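Build me a model:
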Amino acid sequence: MNINLTGRHLEITPAIREHVTTKLGKLKRHFDNVIDINVILSVDKLKQKAEATVHLSGKTVFAETDDSNLYVAIDNLVDSLDRQILKHKDKSSARRHDDTGSHAAAE
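This next block holds a predicted model:
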């Protein structure tokens, strides 16, 4: 799993980098097919913004959050990504374990 961390109008300190990598490690525990994660942290006056693009095998997931505290924005971002990835995992496993035995796409 490759993590690319970018800061816009913000210097990425070792503490921020450590917080992001430990929180994103949660995603790896739930779903092994995470290929690449691009995280962009930005600051606009009083708004701290965190956005991420996660490349999975077969899908790309995007999430964006903002808060007055950067660490809270990162936590909310990881929670949002976690929900989306678990939903993707459930859908893909439902397709594999269809009662008919076929590999038809679930709609």
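
tell me the pLDDT at the most centrally placed residue in the chain?
The centre of the chain sits closest to residue 81, judged by Cα atoms, centre = their mean, with a distance of 3.8 Å. Per-residue pLDDT puts residue 81 at 91.

Kindly provide the whole-number mean pLDDT of the helix or strand where residue 17 lies.
Residue 17 belongs to helix 14-30 when assigned by DSSP states H and E. Helix 14-30 shows an average pLDDT of 88 in the prediction.

Can you list the buried residues in that helix?
For helix 14-30, the neighbour count (16 or more other Cβ atoms under 10 Å) marks 16, 19, 20, 23, 24, 27 as buried. Every C-beta, even on glycine, is put in place using the N, C-alpha and C of the backbone.

How far does that helix sit from its chain's centre?
10 Å (Cα atoms, centre = their mean, to the nearest Å).

swap in stretch 50-60?
From the chain centre to the centre of stretch 50-60 is a distance of 6 Å (Cα atoms, centre = their mean).

same deal with stretch 81-98?
Put simply, stretch 81-98 sits 15 Å off its chain's centre (Cα atoms, centre = their mean).

For that stretch, list the C-alpha coordinates in CSV.
C-alpha atoms of stretch 81-98 as CSV (Å, rounded to 0.1, in the frame of the first residue of the first chain):
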residue,chain,number,x,y,z
LEU,A,81,-13.2,5.9,3.6
ASP,A,82,-13.7,3.0,5.9
ARG,A,83,-17.4,3.0,5.4
GLN,A,84,-17.1,3.2,1.6
ILE,A,85,-14.5,0.4,1.4
LEU,A,86,-16.5,-1.9,3.6
LYS,A,87,-19.5,-1.2,1.4
HIS,A,88,-17.4,-2.1,-1.7
LYS,A,89,-16.1,-5.2,0.0
ASP,A,90,-19.7,-6.4,0.9
LYS,A,91,-20.9,-5.8,-2.6
SER,A,92,-18.0,-7.7,-4.2
SER,A,93,-18.4,-10.6,-1.8
ALA,A,94,-22.2,-10.7,-2.4
ARG,A,95,-21.5,-11.0,-6.1
ARG,A,96,-19.1,-14.0,-5.5
HIS,A,97,-21.5,-15.7,-3.1
ASP,A,98,-24.7,-15.4,-5.2
